[in-house]
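Sharing a sequence plus its predicted fold:
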Amino acid sequence: MAGVKLQGLSKHYGDFQAAEDVTLDIVDGEFLVLLGPSGCGKTTTLRMIAGFIEPTTGTVTIGGADVTRLPPWKRSTGLVFQNYALFPHMTVAQNVAFGLEMHKVPKAEIGSKVATALDLVQLGHLADRYPRQMSGGQQQRVALARALAFQPDVLLLDEPLSNLDAKLRHEVRHQIRSLQQRLGITTVMVTHDQEEALTMADRMVVMKDGRIQQLGTQRELYDDPTSEFVASFVGRSSFIKGRFSGGRFVSHGGLAVETERRLTGEAVVALRPERIHLGADAASDAGNTYRGRVESISYLGSSIDVEVKLNEIDSVIAQVVNKGRDSGASVGDEVSVTFPRDVPVFAASPA
Ligand code: ATP
């Protein structure tokens, strides 16, 4: 097993920076997720670790060895793609064996390594099937077995769940995570799905425009986002835009908001829906309290989203627990809204 270090890694296509100055220390045995919107450079970064894309600048180190100039097959990385990339004319066992042959594993060892890898993903009983005879989730587990069969130091997963339907995605997500923990294998996964990232990762990296925006545990990114982008990309937030003057934040809609963190000039306050309290639930000493009018209600099952308009400009969405049929507010109700002072505040991002 081995950690992965990326130092100043960039990939330029002409003037375009697909990845820029990516520096990361992925520790041995860690499950790290690269998260971000389409085009943010996460796949480019993963492929530079795998060796399929040559960096313009920077280095990739695996287990202390500089592998920046090594081709993919000389790196100890197993890669799983979104579309499984199984050969349709080969059985499950042959698909897994193919990966071992590529890595020049001696013929005598291939049979037992295939069996071990298929047992790992609980598909030993389907070794003689063809990919078309299997579900998407099973095919993805074959791809995983193929990547793990030669016992790589690092597992690289490129959106491995995005071709699966919602139910299977939950199942395979759980299977991959528990397998990764059992093997203790350093893993880097790319996804644009924040829920996937939140449930699987030890740490997450949020990327935008080729650059790392923030690195941290789920809790750090959710509770202490350092930018409006991260607050909107990880979890949900209502944003109140305004201006600090004399150490006090006043929203563009005229709300005076007490915040623990104080900035100067144009700024944004981010409010998580579960930190906003309504009506009788609202403890007025908890921070900021306002009157507002319920604009809309969305039922989410165990909770309800209540959108409250505080004035012509400012509105927030509060998440309240669904306590049954008669609970909660109705559209048009006047309610009081409270949120605490220790909420994230950022300088307004340039337009
Ligand atoms: P997605 O989730 O859509 O796969 P991503 O975050 O993985 O997005 P990348 O595939 O890393 O994004 O691409 C980053 C940027 O680099 C994109 O804007 C993409 O268009 C650009 N890019 C990728 N490969 C090339 C190439 N060969 N030539 C020019 N631009 C490229």
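It's in.

dump the residue contacts of the residue nearest the centre of the chain.
The centroid of the chain falls nearest to Ala197 when counting by Cα atoms, centre = their mean (3.1 Å). Counting by Cβ atoms under 8 Å, 6 or more residues apart in numbering, Ala197 touches Val33, Leu35, Thr191, Met204, Gln218, Val234. Where you see a C-beta, it was placed from the backbone N, CA and C, and this is true even at glycine.

which ones among those are found in helices?
Counting by DSSP state H, the part of those found in helices is Gln218.

between the contacts of Ala197, which is closest to the ligand?
For those, the closest approach to the ligand (Cβ to the nearest ligand atom) belongs to Thr191, at 8.4 Å.

Could you check how far the closest residue to the ligand within the stretch 151-300 of the chain is from Thr91?
Residue of the stretch 151-300 of the chain nearest the ligand, by Cβ to the nearest ligand atom: His192 (5.0 Å). Remark: distance between His192 and Thr91 (Cβ to Cβ, to the nearest Å) = 33 Å.

Now do the helices in the stretch 51-200 of the chain.
Secondary structure of the stretch 51-200 of the chain (DSSP state H, counting those that start in this stretch): helices at 92-102, 107-120, 136-148, 166-183, 194-200.

wouldn't Asn163 be in contact with Val80 here?
No. The criterion here is Cβ atoms under 8 Å, and Asn163 misses it with Val80 at 11.6 Å.

tell me, what's touching the two both at once?
Common neighbours of Asn163 and Val80 (Cβ under 8 Å, 6+ apart) are Gln140.

Tell me which of these two has more neighbours.
Neighbour comparison, Asn163 and Val80: the larger count goes to Val80, with 24 against 16 (by other Cβ atoms under 10 Å).

Relative to Phe87, how far out is that one?
To Phe87, Val80 is 15 Å away according to Cβ to Cβ.

for Val60, same thing?
Applying Cβ to Cβ to Val60 and Phe87 gives a distance of 28 Å.

Kindly report the residues of this protein close to the ligand.
Contact residues, the chain versus the ligand (Cβ under 6 Å from any ligand atom): Tyr13, Phe16, Ala18, Gly36, Ser38, Gly39, Cys40, Gly41, Lys42, Thr43, Thr44, His192.

same thing but at 5 Å, please
Within the chain, the positions near the ligand by Cβ under 5 Å from any ligand atom are Tyr13, Ala18, Ser38, Gly39, Cys40, Gly41, Lys42, Thr43, Thr44.

and the nearest residue to Gln194 once chain neighbours are set aside, how many neighbours does it have?
In space, and not counting its chain neighbours, Gln194 is closest to Val234: 5.5 Å by Cβ to Cβ, 6 or more residues apart in numbering. Neighbour count for Val234, taken as other Cβ under 10 Å: 22.

Test my guess that Val234 contacts Leu221.
Yes. With contacts counted by Cβ under 8 Å, Val234 reaches Leu221, the gap being 4.8 Å.

Overlap in contacts, these two.
Taking Cβ under 8 Å, 6+ apart as the criterion, Val234 and Leu221 both touch Met204, Val206.

related to what we said a few turns ago, dump the residues of the chain next to the ligand into a markdown table; add pLDDT and secondary structure as well.
Formatted as a markdown table, the residues of the chain next to the ligand follow (pLDDT from 0 to 100; DSSP: H, G, I helix; E, B strand; the rest coil):
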| residue | pLDDT | secondary structure |
| --- | --- | --- |
| Tyr13 | 97 | strand |
| Ala18 | 97 | strand |
| Ser38 | 91 | coil |
| Gly39 | 93 | coil |
| Cys40 | 95 | coil |
| Gly41 | 96 | coil |
| Lys42 | 96 | helix |
| Thr43 | 95 | helix |
| Thr44 | 97 | helix |
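
Drop anything exposed from the residues you listed.
Buried subset of the residues of the chain next to the ligand (neighbour count, 16 or more other Cβ atoms under 10 Å): Ala18, Cys40, Gly41, Lys42, Thr43, Thr44.
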